[in-house]
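Chemist: show me the folded form of this:
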Amino acid sequence: VKVLLRPLISHHWIQLLFRIFCTSLHFPVPLCPTGWSEYGNRCFLFQSTETDWATAEVQSQKNQCLRKKTVDVLSGEIQAWIGLYRNSWMWVDGSNSSFRHWRASEPNGSEENCATAVHADAGQWEDWPCSWKMPFFCNKNLSNASLLASAEEEAL
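Modeler: Predicted structure coming up:
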């Protein structure tokens, strides 16, 4: 009888140790796709190919480009579309925000319906004709993988 119980007890002991160990290691592991950069709790991809705003918006529907808060990650580029357009100045994802970061004289053009961030001016915004070609940003929520969640899924 003792010989039969020993493997059963041993197996449960290992499972218990595994669960305790994995629970103590419970922390999020940020995972941005290859080529994307982490900033805050989001992943960003700078699209250096210059395109008009409408083409960037099509990319937005596929890859979450032109989303709000991309202004924070401008690095080294002169100007890029940020996903804000003149319709009471809404974001391309349909949301509205009270946050504004316009340069002193902006927005200033009645035919300039799309916003860009200008790196040289601390990321301040300007309005430009949407037909102009500029680089743009894609961004998405940061994926969080948890060792505990993975361990629990494997145990089930």
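
Chemist: now do Thr49 against Phe99, distance only.
Modeler: Distance, Thr49 to Phe99, by CB to CB, to the nearest Å: 27 Å. C-beta here means a position set from N, CA and C on the backbone, and glycine is covered the same way.

Chemist: please say which of these two ends up with more neighbours.
Modeler: Thr49 (11 against 8; other CB atoms under 10 Å).

Chemist: surely the more buried one meets Trp81?
Modeler: No: in this structure, Thr49 is not within contact of Trp81 by CB atoms under 8 Å, at 11.6 Å.

Chemist: residues shared between the contacts of these two?
Modeler: Pro135 (CB atoms under 8 Å, 6 or more residues apart in numbering).

Chemist: care to break the chain down by domain?
Modeler: Taking automatic domain parsing as the reference, the chain has its domains at 2-29+145-155, 32-143.

Chemist: which one of these has the lowest average pLDDT?
Modeler: Ranked by mean pLDDT, the domains of the chain end with domain 2-29+145-155 at the bottom, a mean of 45.

Chemist: surely Phe44 touches Ala80?
Modeler: No: Phe44 is beyond contact range of Ala80, at 11.0 Å (criterion: CB under 8 Å).

Chemist: what's the single longest strand in the chain?
Modeler: strand 42-51 (DSSP state E).

Chemist: quick check: buried residues in that one?
Modeler: Neighbour-count burial for strand 42-51, counted by 16 or more other CB atoms under 10 Å, picks out 42-47, 51.

Chemist: quick one: strands adjacent to that strand?
Modeler: strand 37-39 (antiparallel), strand 134-141 (antiparallel) (DSSP bridges).
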